[in-house]
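Visitor: Just need the structure, nothing else, for what follows:
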Amino acid sequence: MVGLLGLDDRNPSSVVGALAAARENARGARETVSSEMWECLNSTWHGLPNARRRVEQQGVHSFFRWVRERCAVMAGLTDATMSRDEGWLFLVLGRSVERVDMTARLLRTHERAGGNIPSWMTLLRSSGAWETFLRTYRGALDDQHAAEFLLLDRLFPRSVFAALSTAEGCLSDLEPDPGRAGVATDAQRIVGRARTNLEFRGADELIGEMSTVLASLEKTCSQVNDAVSRRYFRQTTAVNWVRGAVA
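Guide: Coordinates of the predicted model:
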């Protein structure tokens, strides 16, 4: 499992596959990303062989810690060196939707674990939320508090509500003239509906309907991705080459 999800360079969903895709995407957008961002991605890619060797010597924990550190460096450089233009808005929008999706998927692991307390602890640590949660709830670790924090907290940037609010703000900035009624795009409508659906639910209600809420959030992320692609990125069909011409 670790090999498939972490080290398999033929699997685009693995850690190594994602790093390769990030580097190639940055190569194709060199006019948008800063030189510092490109150098970070490139050095991370070239550091993978040494990181793989550390798996054999020190175990997978060392490898994943190195990946997290490199991602943190990349995030810091991105925040410090990118202009707050459309490129930045799309980057933050994508990151926010990804956070919603990943947090929903992590919460599914808690359901499968049977709702025991160690599962919440692992889940909060996986989301980078453990210390912040302890300061917020003074160590009261139970289903209601943990679900409320990861789904509804307004101040923790990786909560689902905070990520949806950020995505909503990015979409609004991309459409500065929404017209006289409603919102301008399908993506805004989808995100706004999901955010409202969470905002006016109590923590008890969330616990009772967790499976339905999480399934709805995952569907929301897929729908937003499609709506943004249709609105802002031209869809092209594959070019079929035939003898002497292009079909």
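Visitor: And the helices in the chain, which stretches?
Guide: 2, 15-27, 35-46, 48-58, 60-81, 86-112, 117-126, 130-137, 143-152, 160-174, 186-199, 203-208, 210-232 (DSSP state H).
Visitor: Point out where the chain drops to low pLDDT.
Guide: 1-4, 113-118, 235-247 (pLDDT under 70).
Visitor: Closest to the mean position in it, which residue would that be?
Guide: Centroid-nearest residue in the chain, with CA atoms, centre = their mean: residue 98, separated by 2.3 Å.
Visitor: hmm, back to that, could you export the helices of the chain as JSON lines, including distance to residue 180?
Guide: C-betas here are computed from N, CA, C, even on glycine. Formatted as JSON lines, the helices of the chain follow (distance: least, CB to CB, whole Å):
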{"stretch": "helix 2", "distance to residue 180": "54"}
{"stretch": "helix 15-27", "distance to residue 180": "38"}
{"stretch": "helix 35-46", "distance to residue 180": "40"}
{"stretch": "helix 48-58", "distance to residue 180": "53"}
{"stretch": "helix 60-81", "distance to residue 180": "35"}
{"stretch": "helix 86-112", "distance to residue 180": "23"}
{"stretch": "helix 117-126", "distance to residue 180": "44"}
{"stretch": "helix 130-137", "distance to residue 180": "41"}
{"stretch": "helix 143-152", "distance to residue 180": "32"}
{"stretch": "helix 160-174", "distance to residue 180": "15"}
{"stretch": "helix 186-199", "distance to residue 180": "15"}
{"stretch": "helix 203-208", "distance to residue 180": "35"}
{"stretch": "helix 210-232", "distance to residue 180": "20"}
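Visitor: burial count for residue 93?
Guide: 23 (other CB atoms under 10 Å).
Visitor: Okay, the closest residue to residue 104 other than its chain neighbours and residue 61: tell me how far apart.
Guide: In space, residue 104 comes closest to residue 217 once its chain neighbours are excluded; the distance is 4.2 Å by CB to CB, 6 or more residues apart in numbering. Distance of residue 217 to residue 61, computed by CB to CB, to the nearest Å: 29 Å.
Visitor: So those two - more neighbours on which side?
Guide: More crowded of residue 217 and residue 61, by other CB under 10 Å: residue 217, with 21 against 10.
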